[in-house]
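> the sequence and its predicted three-dimensional model are supplied below.
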Amino acid sequence: FDVDLERRIGLAVGLEVAAKGGNVLLAPTINLLRHPGWGRAQETYSEDPFHMGAMAVAFISGVQNHVLSSPKHFALNNLEYKRFELSADIDERSLRELYLPHFERCVVEAGAASIMTAYNKVNGTYCSDHAHLLADILRAEWGFRGFVESDWILGTRSTGAAIAAGMDIEMPSPICFTD
């Protein structure tokens, strides 16, 4: 739990991305580790929102000296099994107390330039189409001014609903949606 070291790591990684001609780093992965079988377990920091937020803020603060950072996967991406169809059904209090504080810190404290949405649904709505998450919370409450991008492959499930919810960039996919 060394935030100074994590900031230096962010500085080094950001410099490497810039040296290779990149301008956005699709990191850090800041979903809470809830199951060891989750496919991104090795990429995330912990199962604790406070620890996650502190480490992510440090990393982003380092990276963004050189390139833009995109914390991911917004939100509740914690299971690998059926991640493209899964609905993480949750009450508002648990959402805000457990699954969003570290994302908020990335936006408010670190000034993250971008946010990547998750594949899953939250309470029955895909994250890329989720107006409550993207418009109400991320943009209106937290004051996010950056761009929202989908995850790859099946990260976006619509055109109109995603745009209306606040999605800015659909990452490449062999599947095109036109509704």
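Structure's in. What do you need?
> give me phi/psi at the closest residue to Phe147 other than its chain neighbours?
Spatially, and ignoring its direct neighbours in sequence, Phe147 is nearest to Asp168 (4.2 Å; Cβ to Cβ, 6 or more residues apart in numbering). All C-beta atoms are positioned from the backbone trio N, CA, C, and that covers glycine. In terms of degrees, to the nearest 10, the main-chain angles of Asp168 are phi -110, psi -40.
> what residues does the helix or strand of the chain with the lowest mean pLDDT touch?
Scoring the helices and strands of the chain by mean pLDDT, DSSP states H and E places strand 87-88 at the bottom, with a mean of 90. Defining contact as Cβ atoms under 8 Å, 6 or more residues apart in numbering, one finds that strand 87-88 is touched by Leu76, Asn78, Asn120, Lys121, Val122, Asn123, Gly124.
> what's the closest non-adjacent residue to Phe1?
His51 (6.3 Å).
> do you know the pLDDT at the most centrally placed residue in the chain?
By Cα atoms, centre = their mean, the chain has its centre lying nearest to Lys72, at 2.1 Å. Looking at Lys72, its pLDDT is 96.
> now Phe103
Looking at Phe103, its pLDDT is 98.
> give me the phi and psi for the nearest residue to it once chain neighbours are set aside.
Computed as Cβ to Cβ, 6+ apart, the closest residue to Phe103 that is not its neighbour in sequence is Phe74, at 5.9 Å. With angles defined as degrees, to the nearest 10, Phe74 sits at phi -90, psi 100.
> returning to that earlier point: the residue nearest to Phe1: which element?
helix 49-63 (DSSP states H and E).
> send the alpha carbons of that helix over as CSV?
What follows is helix 49-63, C-alpha atoms only, in CSV (Å, rounded to 0.1, in the frame of the first residue of the first chain):
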residue,chain,number,x,y,z
PRO,A,49,-12.8,0.7,-2.0
PHE,A,50,-10.6,3.0,0.1
HIS,A,51,-7.4,1.2,-0.8
MET,A,52,-8.5,0.9,-4.5
GLY,A,53,-9.2,4.7,-4.6
ALA,A,54,-5.9,5.7,-3.1
MET,A,55,-3.8,3.5,-5.4
ALA,A,56,-5.8,4.5,-8.5
VAL,A,57,-5.5,8.2,-7.7
ALA,A,58,-1.8,7.8,-7.3
PHE,A,59,-1.4,5.9,-10.6
ILE,A,60,-3.5,8.3,-12.6
SER,A,61,-1.7,11.3,-11.1
GLY,A,62,1.5,9.8,-12.5
VAL,A,63,0.3,8.6,-15.9
